[in-house]
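Student: dropping the sequence and predicted coords here.
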Amino acid sequence: MANKEAVMIMLDVGRSMTTDRQSSAWLDAAVRAVTLLVHQKILAGAKDEVGLILFGTQETKNDLAGDGYSHVVVLRDVITPDVDLLTDIEKIRPGGSDGDFVDALVVGMDLLVKKVGSRNYQKRVFLITDAGCDVNEDDLHTILDKFNEINAVLNVIGVDFADEDEQQDRSHVSETKEHNEKLIHKICERVRGRVIPIQNALDLLSFTSSKSIVQKSNYRGWFEISRHIRIPVWSFAKTKEDTFPRMAKISKLSQESSNPDTMAVKPERSYHPVDDPDREVPFQELSKGYRYGKTLVPFDKIDLQNLKFTSSACLQLLGFCSKDSVPRQHFMGPVDAVVPLPADDTASQAMSALVQALENSRSVAIVRFVKRANGAPQLGVLTPYRNAAKGYQYLHFNKLPLHEDLRQYTFASLGENAPRKSHQPSQPQLDAMEDLINSMDLTINANGEQEEALKPKRTYNPALQHFFACVQSRALHPERPLPPLDPLVEQYVNPDKFMLERAARAIETVRESFHLVKTEQKEKEGKRRFWSDAFAEAAAGVQLDSYVNDDAKRQKLHDGLPEGGRRLSIQSLISEVTDVGSATPVEDFNAMIARKDVDLVDKAIEQMQRQIVKLVNESVRDSHYSKALDCLKALRKGCVDQAEVEPFNKFLADMKKNYRGSKRDDFWRLIQSESVSLITAEESSDSDFTESDAHAFLMTDVIPGYLMSEVDGDDDQD
C-alpha cells in the first residue's frame, strides 16, 4: 500500500464565484478550504506532495495553453508543500473570467500524470467550484478514462451546491449552474468520487491531524495456545495517544540575520563535577549509577548489558477467565487489534471460532505479550470483538497491571456502609442526582432522538488543534499575536449549551440538595531554580558510605560521629572553594571572601569582575543580564563588607565607559533601574563620594575625577 500521496487542487476563481449576491464570500470560503488542505499536508510530513491550479483567471499559464486550454494557471507544480505555498494562497484574488472546470481537470490530470507517472503514489484530486459558468464537455470521456486508469480519487467541494438533506431556496440558481451540478454528480459516479458542500468541508478540514496514519503491524508471529496449537496473527495499534510534535531549538541571533535558513542549532552536552563546575569531565570517564536507598551504586557498560531483560517475541496464552473478573479500570495503555494472518483461511477459521467461543461464554484470554525481541513482557487480556455489519471478528489486547503498577489506596466508606450518617445520601438527594444523569444523557440529541455525542472519531484534542493553529499563524504572520481558541475547538472544551439548558432544573435541584462550599486555596509562590540547585539538593541526600575506605569508616566514634565531625556525604567530600566559577558565581564569591584560613578577597574580587564581564558580553540579548546583575550586587556588598571600596568603584566606572551608549547599553540601563551605583561615604569611610555624587554618576555622563583618570589609563575590559 502506497504511503505517499499526490494531491492536485483546482480552485475556481472565475466571475461566478464573486457574484453580486455573495460578493466574495464564496471565494473566501473556497480559499479557506484550500488553505486548510495545504495546512493538513504540511503537518502530515514531507512525503505527501501538492499541486495547485487556478481557473477562471484573466491570464493563462499551463503546458496545454497551445491546445486551447485558456484561463487556467498552474500556481504550483506537484511538489512538497511549504509555507511559501500558503503565502501564495493568501494572495489569491478574483480572476474575472469564466471558470471552465472541465479544462481545469484536463490540465490538472496532465500535470498529475507527468509528475507521478507509474510511481507508487495515492492520487487525489480536489475540485473546488460553484459550477456557475459554461463548460466544454468534449474532453469529458477522456478525463473519466484517465481517472480510472491511474486510479485517482475525485473530491468535489461544491460552492452553493444543492443539499439533498435540506430544503433550500434555489430561485437564484441559473440553468447553467443546475446543469453543471448534475454533470459533476455524474462524473463522481463514474470515477467513484464524492461531492461535499463547502460548509461541510470547512467543518471537516478545520480539525487538524498531526500526521497521516499508515497501517503498520507491531507484531507478526504466532498466538501460542499450547505447544501444539498455534494461530498465525498480526497485531495493529487500535488506539494510541497523539502527542505534541517536538519543537526544535533555533538560534535567536540567526533568526534576526538576513539568512534565517541557518536558524537550526546542534546541541552539545557536557558534564561537570559538582565541586568544580568549570572542569569538564570527558564522556569516556562517565559511568551510570542507580540509587539504592541513599547510596549511589555504579554500573559499567558490561554491567548494563547484563541488566537488560532478554526475551523472544511471542504472544502466549496463560489461561481463560470470566470477563467480569477483569476490572475495566485495570486496562492500561494503548489498545492493539490482534487479527489472523491475511489470506490464511485456516487462521481465519480458528480466530473466528475462538472469538465466538469467548463471546458466548463471556470469557477473556489472559496472555503474555512480547512485541519484539528483548522487549519487556506484558501481561494482558484478549477481549473478543465482532462487527456483524462489516463482518469483523478479531481480538482486542489491553495491557494489565502487575503488582508494581497497582496503587492500593484506602478511602472512606460511603453509602449504606458509611460509618457516619452524615455521609449517607438521603432519598431526595439520590433522586436529584439520578435526574441530573438522565438530563445530561449524551445519547439523546436536541430533537430527543437517539444519537451518540462526542464520538471519538469526531472529537478532536482542543490543545493540539489550538497548537497547530498557532504554528500556522506564526509561520505566515510572524509579527501578529497568536490567535485565540477557534470557536469550533472551543465546543470540545465546554459542555454543550443545549444540554446545559436541558439540565438546568436538575442542576439547580442538585445545588439545593447538597450545600457545597468552595474552599479558597492560597497560591504557592514559584521559586526559580537552576541546575546547580538540583545538584546541590541531590548531593546533600546521597550517602557515599559504601565507597569510603575502611580507614575513614574507622574514624567514626561510638556515637556515630567523630568529635566536631559530620556524616559523610558528597558535600563533605568537596574541597573548599578557591575560584569563582560560572555556575554559582555569587555563592563562590561569598565563600571565598568568608574564608578565615587564607586571604582570597583580592582574588575573589578580580575573578568576580571577570565573570560579570563574561556574562554580559556573551549574553544572547538579555539572557544573562539577570545573573550578571546579581553578581554585580554581590560584588558591591562584598566590597563594602571587606572595605575594598576602590576596586568596586573603578570597576563600575569602567563598565559605564564600555557599555553606556554601546550595543550593551541595555545592560547599563538595567544597572540604572536597579540603582547600583558607587559605594558612598555613608556606607564606608574609605569612600569620598556622597549620595548626590553616586546619583549623578549613575544618571549622567559624568565620571568623577580620579576614576576618570584611572579608567583612561587602563585597558578596556574584554
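Tutor: Ah, there it is.

Student: for the helix or strand harbouring Arg474, give the mean pLDDT please.
Tutor: Per DSSP states H and E: Arg474 is located in helix 462-476. Per-region confidence: helix 462-476 scores 87 on mean pLDDT.

Student: give me the helices and strands touching whichever helix or strand comes after it, please.
Tutor: As assigned by DSSP H and E, the chain's next helix or strand after helix 462-476 is helix 487-490. Contacts defined by 3 or more Cβ pairs under 8 Å, 6 or more residues apart in numbering; DSSP states H and E place helix 487-490 against helix 462-476. Using the backbone N, CA and C atoms, a C-beta is placed for each residue, glycine as well.

Student: so how far is the helix it packs on from its chain's centroid?
Tutor: Averaging C-alpha positions (Cα atoms, centre = their mean, to the nearest Å) puts helix 462-476 10 Å from its chain's average.

Student: just to revisit the earlier point, what residues sit buried inside the helix holding Arg474?
Tutor: 462, 464-469, 471-472 (16 or more other Cβ atoms under 10 Å).

Student: ditto for stretch 283-302
Tutor: Using 16+ other Cβ under 10 Å as the test for burial, stretch 283-302 gives Leu296.

Student: tell me the average confidence for it?
Tutor: 85.

Student: what's the span of it, first residue to last?
Tutor: In stretch 283-302, first residue to last residue: 16 Å (Cα to Cα, to the nearest Å).

Student: need the contact list for Asp100.
Tutor: 55-56, 71-72, 133-136 (Cβ atoms under 8 Å, 6 or more residues apart in numbering).

Student: make it 6 Å
Tutor: Residues near Asp100 by Cβ atoms under 6 Å, 6 or more residues apart in numbering: Val135.

Student: ditto for the one 5 residues further on
Tutor: For Leu105, the contacting residues are Ile143, by Cβ under 6 Å, 6+ apart.

Student: again, only this time at 10 Å
Tutor: 8, 10, 53, 55, 72, 125, 127, 135, 139-140, 142-144, 146-147, 154, 187 (Cβ atoms under 10 Å, 6 or more residues apart in numbering).

Student: just Gly333 next, same as before
Tutor: Per Cβ under 10 Å, 6+ apart, neighbours of Gly333: 239-241, 378, 380, 397-401.

Student: from the residues you listed, pick the one nearest Glu90.
Tutor: Using Cβ to Cβ, Glu241 comes nearest to Glu90 of the contacts of Gly333, at 33.5 Å.

Student: for Val72, see how far away that closest one is.
Tutor: 45 Å (Cβ to Cβ, to the nearest Å).

Student: who's more crowded, the two?
Tutor: Val72 (27 against 7; other Cβ atoms under 10 Å).

Student: my read: that one touches Gly99, true?
Tutor: Yes: if you go by Cβ atoms under 10 Å, Val72 and Gly99 touch, sitting 9.0 Å apart.

Student: after the biggest helix by length in the chain, which helix or strand is next?
Tutor: Of all the elements of type helix in the chain, the one with the most residues (DSSP state H) is helix 25-44. Following helix 25-44 in sequence order, the next helix or strand is strand 49-55 (DSSP H and E).

Student: now do that following strand against helix 25-44, angle only.
Tutor: 170 degrees (axes from the mean of the first three to the mean of the last three Cα atoms, to 10 degrees).

Student: please work out the average pLDDT along strand 49-55.
Tutor: pLDDT averaged over strand 49-55 gives 94.

Student: and for stretch 637-655?
Tutor: Averaging pLDDT along stretch 637-655 gives 91.

Student: chain center to it, what's the gap?
Tutor: 48 Å.

Student: pull out the buried residues from that stretch.
Tutor: Those would be 637-640, 642, 644-645, 647-655, for stretch 637-655 by 16+ other Cβ under 10 Å.

Student: gap between the two ends of it?
Tutor: The first and final residues of stretch 637-655 sit 17 Å from each other (Cα to Cα).

Student: likewise stretch 268-280?
Tutor: Start-to-end span of stretch 268-280 (Cα to Cα) is 13 Å.

Student: now what about stretch 594-612, what contacts it?
Tutor: With Cβ under 10 Å, 6+ apart as the criterion, stretch 594-612 contacts 576-582, 585-586, 588-593, 624, 627-632, 634-635, 638-639, 641-644, 647-648, 650-651, 654-655, 667, 717-718.

Student: restricted to helices, list the residues you listed.
Tutor: Counting by DSSP H, the members of the contacts of stretch 594-612 that fall within helices are 585-586, 588-593, 627-632, 634-635, 638-639, 641, 647-648, 650-651, 654-655, 667.

Student: in the stretch 251-400 of the chain, mark out all the strands, start to finish.
Tutor: Secondary structure of the stretch 251-400 of the chain (DSSP state E, counting those that start in this stretch): strands at 288-292, 295-299, 314-322, 332-340, 363-370, 378-387, 392-399.

Student: pull out the buried positions in the fifth one.
Tutor: Applying a neighbour-count criterion of 16+ other Cβ under 10 Å, one finds 363-367, 369-370 buried in strand 363-370.
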